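1. Fold the following and give me the result.
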Amino acid sequence: MGTLFAQLSVLGSSLVLLFGFILLWRRGVPAYITAFTWQSATLAVLTAVVAYFGDDRELYWAAGVLFLLKAVLIPRLLKRMEVRFAAERELAPYVNTETSLVISGLLVLFAYAITRPIVALSELPTRAGMPLAMGLIFVSLFVLISRKKALTQIIGFLMLENGLALLAVLGTYGIPLIVELGVFLDVLMGFLVMQVFIYQIHETFESIDVEQLSHLKH
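-> Below you'll find the predicted structure:
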């Protein structure tokens, strides 16, 4: 049973990480939204798996809230924004696609290197997935600094939070439900604030390219 649990945790973590790479590989916003939706759904399922093997009923509630918020509600809001802004593409990111994928691969290797001592000391069956969660955190941070479109950066931020949630689930078998709900509320409020921010950028510059902010005069 422990072996099956370990295999499922690695498989789920791998899928969550792979969906993160789509933000660097593809250029269209619809692909980003789809990737985030499936990533969140996978994370919710993995959380439920941890709840089952760890015999933690509170994690089932966390998995359900995570699915409803990140795999249903937020993707719908993102699709509305996509329609509103005519789905502007990442045609000229700060770092091109090929270089981005290479850098992301190196970031995942770096994640394995820095988590190696933790994995070596841990006896949790989920320990093999921790480097993948850390890799997603690094990849998401790279998305935030290498992409120009505000909508892409928002999705990168949401994936960063998914990486943190994945690391928490794998490393601690989840945190108390009240804390989980507080985190989800913070994520939702942060998303809504960023949504308002994007609308203001678009109304001012008729674009959602954050590079346009450099044109503002103090």
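
2. can you give me the helices for the protein?
-> Assigned by DSSP state H, the chain shows helices spanning 2-25, 29-54, 57-66, 74-84, 97-121, 130-146, 150-172, 177-205.

3. Now for the nearest residue to residue 57 once chain neighbours are set aside: which residues touch it?
-> Computed as C-beta to C-beta, 6 or more residues apart in numbering, the closest residue to residue 57 that is not its neighbour in sequence is residue 51, at 7.0 Å. The C-beta positions use only the backbone N, C-alpha and C, and glycine is treated the same way. Contacts for residue 51 (C-beta atoms under 8 Å, 6 or more residues apart in numbering) come out as 57, 58, 59, 60, 62, 63, 174.

4. got the helices of the chain as JSON lines, with mean pLDDT columns?
-> As requested, the helices of the chain are arranged in JSON lines below (pLDDT from 0 to 100):
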{"stretch": "helix 2-25", "mean pLDDT": "89"}
{"stretch": "helix 29-54", "mean pLDDT": "90"}
{"stretch": "helix 57-66", "mean pLDDT": "84"}
{"stretch": "helix 74-84", "mean pLDDT": "82"}
{"stretch": "helix 97-121", "mean pLDDT": "90"}
{"stretch": "helix 130-146", "mean pLDDT": "90"}
{"stretch": "helix 150-172", "mean pLDDT": "85"}
{"stretch": "helix 177-205", "mean pLDDT": "55"}
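
5. and the spatially most central residue of the chain, how far is that from residue 127?
-> Geometric centre of the chain, nearest residue: residue 159, 1.2 Å, by C-alpha atoms, centre = their mean. Computed as C-beta to C-beta, to the nearest Å, the residue 159 to residue 127 distance reads 22 Å.
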